[in-house]
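A.B. asks: Here is my input, please return the structure:
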Amino acid sequence: MKKYLLSIVMLGFLALFLLPMTSFAEYDKSGDITVSATILEDEIETSDDTGDATFELQEDAHETLTDTTGEEVDHSYVWVEVNGSRVLAVDPPKPCY
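C.D. replies: Residues are numbered from 1 along each chain as shown. Just a heads-up that it's a prediction; the model follows:
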């Protein structure tokens, strides 16, 4: 009887891991922080390309982790701007309560 019950419980856990629920982590724009610096404006050309690329990379990582684990974590970003262009998006870790 124990063996039968254990096999049913294990089958249930296996089904949970193989069939994760689809959910998406919510990007909370209101929690964004921007750090700006103006340096050598005449000599350094900046664009939003790297900021957009790092943002998309991290959003794809969030989507992958959410699809894989089924866990949903709301997140926001710290944006680094140089000469008015967003050059980096950083998703800082948040403590889970």
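
A.B. asks: Could you give the backbone dihedrals for the closest residue to I44 other than its chain neighbours?
C.D. replies: Distances taken as CB to CB, 6 or more residues apart in numbering place N83 nearest to I44, at 6.3 Å, with adjacent residues excluded. To be clear about C-beta, it is placed using only N, CA and C from the backbone, and glycine gets the same treatment. Backbone torsions for N83, taken as degrees, to the nearest 10, come to phi 50, psi 40.

A.B. asks: I'd say N83 and S47 touch.
C.D. replies: No. N83 is beyond contact range of S47, at 9.9 Å (criterion: CB atoms under 8 Å).

A.B. asks: Which of those two has more residues huddled nearby?
C.D. replies: Comparing N83 with S47 by neighbour count (other CB atoms under 10 Å), the higher total belongs to N83, at 16 against 11.

A.B. asks: Show the contacting residues for that one.
C.D. replies: A37, T38, I39, E41, I44, T46 (CB atoms under 8 Å, 6 or more residues apart in numbering).

A.B. asks: repeat that with 10 Å
C.D. replies: S36, A37, T38, I39, L40, E41, D42, I44, E45, T46, S47 (CB atoms under 10 Å, 6 or more residues apart in numbering).

A.B. asks: so which of those residues is the most crowded?
C.D. replies: T46 (16 neighbours).

A.B. asks: related to what we said a few turns ago, which pLDDT value does the model give the residue nearest to I44?
C.D. replies: Confidence at N83, expressed as pLDDT, is 84.

A.B. asks: what's the answer for L14, then?
C.D. replies: L14 is given a pLDDT of 56.

A.B. asks: cool, and M21?
C.D. replies: So M21 comes in at 48 (pLDDT).
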